[in-house]
Each structure stands twice: as structure tokens, then as C-alpha cells.
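Engineer: predicted model follows, preceded by the sequence.
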Amino acid sequence: MSEITRRDALRRVALVIAATGFIDPVSAQEVHQHAGQASAAGVYEPTAFTEHQFRTLERLADLIIPVENGAPGALAAGAPAWIDMLAGVNDELKQIYVSGFQWLDEAARQRGSADFLSASASQQTASLDEIAYRRNETPALASGIRFFTWVRRMTVDAFYTSPIGIRDIDYRGNTALTSYPEPVEAIAFALKKSGLG
């Protein structure tokens, strides 16, 4: 794939995310393919964010979808690289993240840490607990809440459109199956909840 085609594909996905907050899985998987190619030679080099900003993004992604019960999390799925690649072709999206990183670092400084990354794990979690819910919104937290809404949504999008995330939900579409194991428990639950069962 040529550089122009790659950039056009990334730009298309980034514009859709910035405009609607929605991303289609096929376009998202294209970005994963490009991110994988970019990091195949070694460690991923961020294109939109500074090293500090990218490390902050990695920490946020790890807190949002951590490794759990041996299952890989957002870092293994390449969520930070996915977000960085999209921000690299969309100035509006990049600004959302850059402002958000600044907000997080300033909030950490007000609590006595040099920046968000320097804070202890419990301080980081406490900071995110404040901005994870819209019900906590105050003028002081509004910018942080908006940023965390973006980073959480995009981390989840990145994870569940990656090969790791697709395996995590046991998605079997686009593959030939000799039989289909009927999800009896799920159907019974849905029928019970709907009042039809």
C-alpha cells in the first residue's frame, strides 16, 4: 500500500471519529494493519505525540483495559499506536489529546507529583476515578472528563477492532464453521428479560 493511500485511509478514519465518535470495524482494522507494519521493525515511534505524551497514553490504555487473567490488554492490542496514528492525521483529534495530557499533568502537579506518570498507581487511579463519570463534572473537572471520555472510547475501539480484541469476544464471523454452537444460556437470558420466555 502506498504512503498516500495509507495516509488517506488513516485520515478518513480520524475524520469519522472526530466528527461522529463512531468508527466502522473494517476501517479500524486497516489502521491496526498500518500500526502493525509501523512497529514491525521494533518499538513503535509516535508520530503525533511527544515521548512523554505517548507514555502517558500507554499508561492510560493499560489502566482502561489491563492484562486480566492472562488475557492481553490494550497495550498488546496496540491501542496507543492506533490512537497516535489517527491523531497524526487529524489536528482536531491531536489537540484533544495534547490538551488532555496537559490537564492530567497539571492535576497531578496539584496533588504533589511532577506529572501524571510520576504519580503512584493509586494516585493515578484516584485521578481517573474523578474524571471517569460525568456526574462528577465541575468547572475544574470538565476538561478532564471530556478528555477521558475520548481516550476511554478510543482505547476500547482500538482494542475491540484489533485481532486480540476480536479473539477476546470470540467473534467468528468471516470464517467457515462446520457447526454453530447455539448460545443456549444467552438466548434463555434474553428471552427471560424480554418477557417472551
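Structural biologist: Thanks, I have the structure now. Residues are numbered from 1 along each chain as shown.
Engineer: just give me the residue closest to the centre of the chain.
Structural biologist: Centroid-nearest residue in the chain: Thr155, 0.8 Å away (criterion: CA atoms, centre = their mean).
Engineer: tell me the contacts of it?
Structural biologist: Leu60, Ala61, Ile64, Ile65, Ala74, Ala79, Ile83 (CB atoms under 8 Å, 6 or more residues apart in numbering). Any C-beta I mention is one placed from the backbone N, CA and C, and that applies to glycine too.
Engineer: tell me which element Met85 falls in.
Structural biologist: Taking DSSP states H and E as the criterion, Met85 maps to helix 79-87.
Engineer: so how far is that helix from its chain's centroid?
Structural biologist: 8 Å (CA atoms, centre = their mean, to the nearest Å).
Engineer: likewise for stretch 182-193?
Structural biologist: Remark: stretch 182-193 is offset 30 Å from the chain centroid, using CA atoms, centre = their mean.
Engineer: what does stretch 163-182 give?
Structural biologist: 22 Å.
Engineer: next, the buried residues of that stretch.
Structural biologist: Across stretch 163-182, burial judged by 16 or more other CB atoms under 10 Å covers Ile164, Gly165, Ile166, Asp168.
Engineer: first vs last residue of it, how far apart are they?
Structural biologist: The first and last residues of stretch 163-182 sit 23 Å apart, counting by CA to CA, to the nearest Å.
Engineer: can you count the residues close to Ser120?
Structural biologist: By the criterion of other CB atoms under 10 Å, Ser120 has 10 neighbours.
Engineer: circling back: residues in contact with the following helix or strand past the helix holding Met85?
Structural biologist: Downstream of helix 79-87, the next assigned helix or strand under DSSP H and E is helix 91-110. With contact meaning CB under 8 Å, 6+ apart, helix 91-110 is reached by 14, 17-18, 48-49, 52-53, 56-57, 83, 86-88, 114-116, 118-119, 123, 127, 143-144, 146-148, 150-151.
Engineer: any of those buried? List them.
Structural biologist: 14, 17-18, 48-49, 53, 56-57, 83, 86-88, 115-116, 119, 123, 127, 143-144, 146-148, 150-151.
Engineer: on that earlier part again, and the helix holding Met85, average pLDDT?
Structural biologist: Taken as a whole, helix 79-87 has a mean pLDDT of 92.
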